[in-house]
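>>> this is the structure alone, sequence omitted:
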């Protein structure tokens, strides 16, 4: 692409612009080096690694059970979803039984966590575009979820709630009552978000047609999650390779039409409504019984590789573990969704205005320490 | 594409593919690849509409094993390929076929020191400059196990 | 590590500089104006928008409607270090991040304070392991720290307590400005 300025002045006037690692719109510690042509970003080079916390190395140095807390600290917005993947992997490898009630509780808490993650994602995205009010509403709704989860898990953010063979603590009537009240409240709030953000003319002008991802690009980069579904591809691990008890619930996969930033935002909004549906069904069908099978003190897994994929808040999350017959993993590879979702940025944003780059990047809903692991 | 169909097509295209027990290992098809087959394999997958899930490595004796995983948007079909790193320590890049592999290959170079020949920009991605040859995920002397001990031996081409 | 040498050099430069200059200049030679200044500083801390990891989300939560740091005058998050006087190190500092963090601290004008929020910033937290090759075990190896707020992550209330401690450190009193007590506790969130 040749810009107007370049036609007049030639390529010499280009300059480098450093964005991050401390920049409000890079959501933490991402750094991007941009080659600018006036206000147009002509070459984009993301620099990762500012939040690299050695999770894969740590896994090799501790027992299988000792890695639970780490799973919650990779994607701290969707900690339960990350634990779900790891616990599912260990259960697949060890063949451990999980009581039905525990599976239902897992689905309920995981979907609550997905909603809270999307709320932060949406709030922070609209904040990037310059609107401060929606994030106040989003955090207000999110605090209700945190209150509920805190009562049963003991922490507000980095949950360590799932274990091989179940969950640590049963949910009680208070939780169920609060969850039902939350469903009603959230449903009454969704039209408010629509009026405030989705129908907002400035928001529409800023996001429509910006950062279009098509099917070919998604396949070449391995894009998943709401970013992919915004492009009209209904790929969701909960449907395509159902895990836990997701195959028992009736829910839709919302998809977008054009694959632009606006569609990705709308898909997240609609996913909140679908998650509410799942929670409601799970609460209605919640079976009685134990929530935990007493696990072995020391978990030893046989040699061999095993993969487990779940749908985290930002896309498909895979754990690939190679065991060697001892009580520590030989190698644990974690495939995180934001990593693949960020990687098209240089192609996606080439020739864009800098302000549109922020729009496109914010719509990917990134968590940087998850990318760096 | 169904996984049974994928196995037949892969074998027709000259790759050694076998169906896997998905409830036990979590993927549908295993492929044992030679180091020279990586690029034709990736081209075949892209033409069939598969997306790249991840690319990584496992350090074992006698050679580092590269793990490639692909999946499909329309049908549950997860393809798992394993490549034994040749003695030269280098394999062909697929970052010009699957651009998403670019970062995965740079990360694998950071953590294991695997060289991807033909990669346009094989510089450290995660580690800082002073640690660029640290290779943190390589096993220490004595901790490295053989392929048979970690259950990956049967998948070597 | 060269960052540790850089910190040693920074401390040396600071000890050689005129300390009254660093703490507010000639105004500080009058006890009353000094006290007034300090009360003002304590009640209008401007933190830097600098989130590193999980703790950053709790820092955001502390600024939002439920917890509302604005009650203690510390809600004006500034994206530029030149406009800030409080650095909240909210999360894990890695080797790659260390030089950037030190640059940010050096860019802040005097007087300036630092809160180490969360176990990672205090000591490396859960990442202080035998095989550690990338995490700085404690941000006080790089920059001077005034208040430590433990937790993994700390609750937003804990961060507020950290800010109150910092106010105490600056002005010598826990509530340097008389704060209005609410007569009736207002239930913001009726829990069903």
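Alright, I've got the coordinates. Predicted, not measured: the structure shown is a model, and the values here were computed from it.

>>> now do the contacts for the residue nearest the centre of chain C.
Of all residues in chain C, the one closest to the mean position by CA atoms, centre = their mean is residue C:115, 3.0 Å from it. Residue C:115 makes contact with C:86-89, C:145-149, C:159, C:162-163, C:166, according to CB atoms under 8 Å, 6 or more residues apart in numbering or on different chains. The C-beta positions use only the backbone N, C-alpha and C, and glycine is treated the same way.

>>> do the same with residue B:89
Residue B:89 touches B:113, B:114, B:115, counting by CB under 8 Å, 6+ apart.

>>> same question, residue C:135
Residue C:135 is in contact with A:53, A:54, C:92, C:93, C:94, C:95, C:120, C:124, C:127, C:128, counting by CB under 8 Å, 6+ apart.

>>> tell me the contacts of the closest residue to it other than its chain neighbours?
Closest residue to residue C:135 apart from its sequence neighbours, by CB to CB, 6 or more residues apart in numbering or on different chains: residue C:127 at 4.2 Å. By CB under 8 Å, 6+ apart, the contact set of residue C:127 is A:53, A:54, A:58, C:92, C:120, C:135.

>>> which pair in these spans the largest distance?
Pairwise distances across these peak at 13.2 Å for A:58 and C:120 (criterion: CB to CB).

>>> between the two, which is the more surrounded one?
residue C:120 (31 against 21; other CB atoms under 10 Å in any protein chain shown).

>>> my guess is that one contacts residue C:92, does it?
Yes: in this structure, residue C:120 is within contact of residue C:92 by CB atoms under 8 Å, at 3.9 Å.

>>> touching chain C at all, the longest helix belonging to chain B?
Of all segments of type helix in chain B, defined using DSSP state H, the longest is helix B:101-112. No: Helix B:101-112 lies out of reach of chain C by CB under 8 Å from any CB of the partner chain, never closer than 10.8 Å.

>>> so what does the helix or strand following that helix touch, helix or strand wise?
Scanning forward in sequence from helix B:101-112 by DSSP states H and E, the next helix or strand is strand B:115-117. Secondary structure elements in contact with strand B:115-117, counted by 3 or more CB pairs under 8 Å, 6 or more residues apart in numbering or on different chains; DSSP states H and E, are strand B:90-92, helix B:101-112.

>>> most tightly surrounded among those?
Highest mean neighbour count of these: helix B:101-112, a mean of 23 (counted as mean count of other CB atoms under 10 Å in any protein chain shown).

>>> before we move on, back to that, could you check the pLDDT of the residue nearest to the centre of chain C?
pLDDT for residue C:115: 93.

>>> from residue A:51, how far out is it?
Computed as CB to CB, to the nearest Å, the residue C:115 to residue A:51 distance reads 19 Å.

>>> one step back: just the ones of the contacts of residue C:115 in strands?
C:86, C:87, C:88, C:89, C:147, C:148, C:149 (DSSP state E).

>>> my read: the first one touches residue C:48, true?
Yes: with contact defined as CB under 8 Å, residue C:86 counts as touching residue C:48 (7.0 Å).

>>> residue B:25 and residue A:139, how far apart?
For residue B:25, the distance to residue A:139 - CB to CB - is 41 Å.

>>> er, residue C:43 I mean
As judged by CB to CB, residue C:43 and residue A:139 stand 24 Å apart.

>>> and if you look at residue A:356?
Plainly put, residue A:356 is 26 Å away from residue A:139 if you go by CB to CB.

>>> pretty sure residue A:217 sits against residue A:344.
Yes: using CB under 8 Å, residue A:217 is in contact with residue A:344, at 6.0 Å.

>>> buried residues in the longest helix along chain A?
Counting residues, the longest helix found in chain A (DSSP H) is helix A:100-128. Buried residues in helix A:100-128, counting neighbours by 16 or more other CB atoms under 10 Å in any protein chain shown, are found at A:101-128.

>>> check which helices and strands the helix or strand following it sits against.
Toward the C-terminus, helix A:100-128 is succeeded by helix A:133-153 as the next helix or strand (DSSP H and E). Here helix A:133-153 touches helix A:100-128, helix A:173-193, helix C:54-63, going by 3+ CB pairs under 8 Å, 6+ apart.

>>> possible to save those as a markdown table with distance to residue A:251 and mean pLDDT?
Formatted as a markdown table, these follow (distance: least, CB to CB, whole Å; pLDDT from 0 to 100):
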| stretch | distance to residue A:251 | mean pLDDT |
| --- | --- | --- |
| helix A:100-128 | 9 | 92 |
| helix A:173-193 | 14 | 91 |
| helix C:54-63 | 27 | 89 |
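
>>> around chain B, pick out the residues from the stretch 1-150 of chain A.
So far as CB under 8 Å from any CB goes, the stretch 1-150 of chain A lies against chain B at A:48, A:49, A:52, A:54, A:56, A:57, A:60, A:89, A:92.

>>> and the third one, how many neighbours?
For residue A:52, the neighbour count with other CB under 10 Å is 31.

>>> thought residue A:89 was touching residue A:306?
Yes: contact criterion CB under 8 Å: residue A:89 and residue A:306 qualify, at 6.4 Å.

>>> quick check: neighbours shared by those two?
Common neighbours of residue A:89 and residue A:306 (CB under 8 Å, 6+ apart) are A:321, B:26.

>>> more neighbours: which of those two?
residue A:89 (25 against 21).

>>> for chain B, just list every one of the helices.
Under DSSP H, chain B gives helices at B:3-12, B:22-25, B:38-47, B:101-112.

>>> just put those helices in CSV and tack on mean pLDDT and distance to residue A:79.
Shown next, in CSV, are those (pLDDT from 0 to 100; distance: least, CB to CB, whole Å):
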stretch, mean pLDDT, distance to residue A:79
helix B:3-12, 84, 32
helix B:22-25, 86, 26
helix B:38-47, 91, 33
helix B:101-112, 91, 23
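
>>> and of those helices, who's closest to residue A:245?
So among the helices of chain B, helix B:22-25 is nearest, using CB to CB, at 15.2 Å.

>>> can you list the buried residues in that closest one?
By neighbour count with 16+ other CB under 10 Å, helix B:22-25 contains the buried residues B:22, B:25.
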